[in-house]
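Novice: coordinates for the following, if possible.
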Amino acid sequence: MKRSFLLLFFLIIGIETFAQQYDFIPNDLKPVPIAELKKPDGPLDLVFYEDGTKVTFKEAMEKVQNEEVIPLMFADKSGRYKALVISEKIQIDYPGIPNSLKELGYSFGNPESDFVVIYSQGGPFPKLSSWKWQKWMLSLNEEFGSYFFINSMKTQIINSDEYSQKEISFDEAKTYIESTTEILEDLVKYFKSQNKKVYLYGISHGAFIVENLIATKGNIADGYLAMVGRLDMDDEMWRSRANNGRARFLDDGKTIVQTEVDSTIIGRNQDKLHAAKAYKRYTELLKGINLSNMIYLYAKLDQKVGSLTKKEIEFLESAGAKVIASEGNHSSFQPYLETLMKQLIKN
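Specialist: Got it, this is the predicted structure:
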């Protein structure tokens, strides 16, 4: 009851702050929470950047869909969208955070919460998910807004010009993975220094980053949720992608076949990152580390990274991790996310 009251108070204060922030938005219009956001039925006349500069509806919506800006819609009493303000501040909004860390992610929720949840997104995508990720998490459970959530930056996003215009080598891809891991480490250590409980969750590519963090930096967070990753990727998979080939699993999550190569620069670089995240043998690198604060979900029919082997499952269980099997494919983690997130934070 107390937590529900605090969440409601926080949301009301946040909405009122937004409503009072823009003198170019009519007072009778109210902001629409991101969790409830939907595409407007038609073009809007009142479209601005945060400083009041007008922008066309078309240009603004293109930036919104590409997650280059954060949207704040305003509606009238009947719920019809009347105005849009877009913010370019894709950053971690936490009082006193050093500028060197502020640009290393996107945040939402309550910065005064005792719980900080850091996300390592999948892909490896070339853009950081911001408002769409926020909407997704709040649609799972609006109570997540009472915690402080961060989507951590990735090196290929920071180095977007190089990543999109020049083919990187396998060795360069390895440095990308290690640099991304260090970003995650810096965020964990900072928020631990703020006396916060810090939890990490990674999905697919992000699960490998979480594993690499523990293997190279130690068990430095309070809890981990890894979903649809692997510990010991099949050699045929990662070697193929490291050498400008491409392999995939069939729908059984076990059989590997060669497939068509993506000839674009970003496609080849993505394959290099896939290999660089997966060539390590984590059953060896994590040996001796207590993983009782980890929840690991795998999919038995995972066509992207494959199903965990018996050896991987036995290793996780022997290290104290809670292992959960989904009967579905790579996307079947989604029905589990809310429940496992609650378990993670309660632990």
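
Novice: just the helices in the stretch 1-150 of the chain please.
Specialist: Taking DSSP state H, counting those that start in this stretch as the test, the helices found in the stretch 1-150 of the chain are 2-21, 57-65, 99-102, 131-140.

Novice: how far off centre is the second one?
Specialist: Its chain's average C-alpha position is 22 Å from that of helix 57-65, according to C-alpha atoms, centre = their mean, to the nearest Å.

Novice: same check, this time on the shortest one
Specialist: Relative to the mean C-alpha coordinate of its chain, helix 99-102 is positioned 18 Å out (C-alpha atoms, centre = their mean).

Novice: can I get that helix in CSV, CA atoms only?
Specialist: Included here for helix 99-102 are C-alpha records, laid out as CSV according to Å, rounded to 0.1, in the frame of the first residue of the first chain:
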residue,chain,number,x,y,z
ASN,A,99,29.0,14.1,-16.9
SER,A,100,31.3,11.2,-17.9
LEU,A,101,28.5,8.8,-16.9
LYS,A,102,25.4,10.9,-17.8
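
Novice: return the set of buried residues in that helix.
Specialist: Of the residues in helix 99-102, those buried by neighbour count under the rule 16 or more other C-beta atoms under 10 Å are residue 101. Every residue, glycine included, has its C-beta placed from N, CA and C.

Novice: equivalent analysis for stretch 210-222, please.
Specialist: By 16+ other C-beta under 10 Å, the buried positions in stretch 210-222 come out as 210, 211, 212, 213, 214, 215, 219, 221, 222.

Novice: how does this protein divide into domains?
Specialist: If the domains of the chain are taken from automatic domain parsing, they occupy 2-87, 99-346, with pieces of a single domain joined by a plus sign.

Novice: go through those domains and name the closest to residue 93.
Specialist: Nearest to residue 93 among the domains of the chain is domain 99-346; the distance by C-beta to C-beta comes to 5.4 Å.

Novice: one step back: out of the domains of the chain, which is the most enclosed?
Specialist: When neighbours are counted by mean count of other C-beta atoms under 10 Å, the highest per-stretch mean among the domains of the chain falls to domain 99-346, a mean of 19.

Novice: for the record, mean pLDDT for the top helix by length along the chain?
Specialist: If you go by DSSP state H, the chain has its longest helix at helix 170-193. Confidence for helix 170-193, expressed as mean pLDDT, is 97.

Novice: what's it in contact with?
Specialist: The contact list for helix 170-193 (C-beta atoms under 8 Å, 6 or more residues apart in numbering) reads 92, 97-98, 101, 104-105, 116, 118, 120, 150, 152-156, 159, 168, 198, 200, 208-210, 212-213, 216-217, 220-221, 242-243, 269, 272-273, 275-277.

Novice: residue ranges of the helices in the stretch 151-300 of the chain, please?
Specialist: Read by DSSP H, counting those that start in this stretch, the stretch 151-300 of the chain holds these helices, from start to end of the chain: 155-158, 160-165, 170-193, 205-217, 235-242, 265-278, 282-285.

Novice: just how off-centre is the longest one within its chain?
Specialist: What that stands for is helix 170-193. For helix 170-193, the distance from its own C-alpha centre to the chain's C-alpha centre is 14 Å (C-alpha atoms, centre = their mean).

Novice: repeat that for stretch 339-347.
Specialist: Remark: stretch 339-347 is offset 17 Å from the chain centroid, using C-alpha atoms, centre = their mean.

Novice: quick check: mean pLDDT across it?
Specialist: Averaged over stretch 339-347, pLDDT sits at 90.

Novice: now stretch 265-275
Specialist: Mean pLDDT, stretch 265-275: 94.

Novice: what residues does that stretch touch?
Specialist: 123-124, 126, 156, 163-170, 172-173, 176-177, 205, 238-242, 244-246, 261-262.

Novice: end to end, how far does stretch 112-125 reach?
Specialist: Counting by C-alpha to C-alpha, to the nearest Å, you get 30 Å between the two ends of stretch 112-125.
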